[in-house]
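Visitor: With the sequence up front, the predicted model follows.
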Amino acid sequence: MQFFHLEQPLDEMMVCDRDGCEAIADYLEVEDDETEQCLCAVHTRSHKCASRLPVRASNRRVPYRSVPLV
């Protein structure tokens, strides 16, 4: 598994993939089979702060939950 600091889109904020969680996602977790999850600090399995991880955008072809910026 690889961990990245999630690069957010410019016009919206991606929300954590966990059911019932509405927190902003800071982490991108990529499984060995290339499955991606966008997660908040509470739900990530990373032991490092997001700011210490390499930055990467998620695959935009995969649906994700988001909230518009005001």
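Guide: That came in fine, so what should we check first?
Visitor: Next, name the residue at the spatial heart of the chain.
Guide: By CA atoms, centre = their mean, the chain has its centre lying nearest to C38, at 2.6 Å.
Visitor: ok now the helix or strand that one falls within, how far from the chain's centre?
Guide: Assigned by DSSP states H and E, C38 belongs to strand 36-39. Per CA atoms, centre = their mean, to the nearest Å, the displacement of strand 36-39 from the mean C-alpha position of its chain is 4 Å.
Visitor: tell me what it is packed against?
Guide: Applying 3 or more CB pairs under 8 Å, 6 or more residues apart in numbering; DSSP states H and E, we find strand 36-39 packed against strand 27-30. Backbone N, C-alpha and C define where each C-beta goes, glycine included.
Visitor: Run me through the strand neighbours of the strand it packs on, direction for each.
Guide: strand 2-6 (antiparallel), strand 36-39 (antiparallel) (DSSP bridges).
Visitor: The closest residue to I24 other than its chain neighbours pairs with what?
Guide: Leaving aside its chain neighbours, I24 sits nearest to M13 (5.1 Å; criterion: CB to CB, 6 or more residues apart in numbering). Counting by DSSP bridges, M13 forms beta bridges with V67.
Visitor: Could you pull up the contacting residues of M13?
Guide: Residues in contact with M13 (CB atoms under 8 Å, 6 or more residues apart in numbering) are I24, A25, S66, V67, L69.
Visitor: Any quick PyMOL command for the buried ones out of those?
Guide: In PyMOL syntax, the buried subset of the contacts of M13 is picked out as below (16 or more other CB atoms under 10 Å):
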select buried, resi 24+25+66
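Visitor: Could you list the buried residues of stretch 38-57?
Guide: Here stretch 38-57 shows C38, L39, C40, H43, T44, S46, A50, L53 as buried, counting by 16+ other CB under 10 Å.
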